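Colleague: Below: sequence and its predicted model.
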Amino acid sequence: WFPTGGGKTEAYLGLTAFTLFWRRLREDDPNTGAGVAVLMRYTLRLLTVQQFERASRLIMACEHLRRAHPAELGSEPFSIGLWVGNNATPAKVLDARKDPQEARKAQQLARCPACNQKKLRWDAEKARNSPEYLVECTNTACPTHGWRLPIWTIDEDVYRARPSLVIGTLDKFAQIVRSPSTHAFFAGAGGPPELIIQDELHLIAGPLGTVAGVYECAIDLLCRRNGIGPKILGSTATIRRARDQVRQLFDRDVAQFPPPVLDANDSCFAVVDDAVPGRLY
């Protein structure tokens, strides 16, 4: 639990980076740690796309470090995939290439995650007769100039690439019982995802919580490694009865951060200054 504006997103993006690096560094062959390592889930598609921009900047920073240290971090790129449903992104590359409306849906980023310039060229792979729908930055001053950015926004590509970080909406995970393609997220040399981040945990209540709890049983089983389940991080600014909710959703005990303290405005990790306009942490 952390108040709105207190840095929850930065905290779980930091944990994501730690997980991605640790998964490579602990192996004799760092490429063994490739594959989907983190699942990040939201309840609203609009929020998912907004957070996709922030997470893309993180992944580009991780990839920049990997390219500088291939011996320790391997040759497989760190990558990110957006998996939010066909009303928001296309299901197939061919759909995006044939239909301008589908192409606009695939082009989720307006600015380059590295240089912040509006100089992205989407579907750069088409000229190379590639089946992939990739993006490049045409800014010659960008640190990524000349790269094929490891960013995937079409379902078909996400299944094929098995990105390090998959960002999706909660309802999309219902596909695990309908589409065999989703099995790619949980299989491979790197093993299944090890960290699940659920943003806005308090919104998974009522009928949505009931349905989500059913799928969590399957996801928890698919992500187990040697009998050990994935770490689950629930992020929220407003929640009641968290212990009961988490038990019903994930069958886990709650470890709250920061822990409850005497003064709600001073958790040791964040102090609220009410003397300034608005709130400052």
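Modeller: Right, received. Where do you want to start?
Colleague: helices or strands up against the helix or strand where Ile59 lies?
Modeller: Assigned by DSSP states H and E, Ile59 belongs to helix 45-68. Under the contact definition 3 or more CB pairs under 8 Å, 6 or more residues apart in numbering; DSSP states H and E, helix 45-68 sits against helix 8-25, strand 38-42, strand 80-83, strand 165-169. (C-beta placed from N, C-alpha, C; glycine too.)
Colleague: Name every strand pairing with the last one and say which way it goes.
Modeller: Think strand 165-169. Applying DSSP bridges, strand 165-169 is found paired with strand 38-42 (parallel), strand 80-83 (parallel).
Colleague: That one to helix 8-25, inter-axis angle?
Modeller: Angle, strand 165-169 to helix 8-25, by axes from the mean of the first three to the mean of the last three CA atoms, to 10 degrees: 140 degrees.
Colleague: For strand 165-169, give the mean pLDDT please.
Modeller: Strand 165-169 carries an average pLDDT of 93.
Colleague: try the longest one
Modeller: Per-residue pLDDT values across helix 8-25 average out to 93.
Colleague: tell me which strands and helices it is in contact with?
Modeller: Using 3+ CB pairs under 8 Å, 6+ apart, helix 8-25 is in contact with strand 38-42, helix 45-68, helix 70-73, strand 195-199, strand 231-235.
Colleague: What strands flank the fourth one, and is each parallel or antiparallel?
Modeller: According to DSSP bridges, strand 195-199 forms sheet pairs with strand 38-42 (parallel), strand 231-235 (parallel).
Colleague: sorry, back to before: need the helices and strands packed on helix 8-25 in JSON lines with distance to Thr4 and mean pLDDT, can you?
Modeller: Below are the helices and strands packed on helix 8-25 laid out as JSON lines (distance: least, CB to CB, whole Å; pLDDT from 0 to 100):
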{"stretch": "strand 38-42", "distance to Thr4": "16", "mean pLDDT": "93"}
{"stretch": "helix 45-68", "distance to Thr4": "13", "mean pLDDT": "90"}
{"stretch": "helix 70-73", "distance to Thr4": "35", "mean pLDDT": "96"}
{"stretch": "strand 195-199", "distance to Thr4": "12", "mean pLDDT": "93"}
{"stretch": "strand 231-235", "distance to Thr4": "11", "mean pLDDT": "92"}
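Colleague: Mind putting the ones you listed into CSV with mean neighbour count and distance to Gln107?
Modeller: Shown next, in CSV, are the helices and strands packed on helix 8-25 (neighbours: other CB atoms under 10 Å; distance: least, CB to CB, whole Å):
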stretch, mean neighbour count, distance to Gln107
strand 38-42, 24, 20
helix 45-68, 18, 11
helix 70-73, 14, 29
strand 195-199, 23, 24
strand 231-235, 19, 28
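Colleague: from what I can see Val36 touches His183, true?
Modeller: No: counting by CB atoms under 8 Å, Val36 stays clear of His183, with 11.0 Å between them.
Colleague: More neighbours: those two, which one.
Modeller: Counted by other CB atoms under 10 Å, Val36 and His183 do not tie: Val36 has more neighbours, with 25 against 12.
Colleague: Pretty sure the more buried one sits in a helix.
Modeller: No: read with DSSP: H, G, I helix; E, B strand; the rest coil, Val36 is coil and lies in no helix.
Colleague: quick one: it and Gly190, what's the gap?
Modeller: 8 Å (CB to CB, to the nearest Å).
Colleague: sorry, back to before: now the strands paired with strand 195-199 as CSV including distance to Arg104?
Modeller: Shown next, in CSV, are the strands paired with strand 195-199 (distance: least, CB to CB, whole Å):
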stretch, distance to Arg104
strand 38-42, 21
strand 231-235, 30
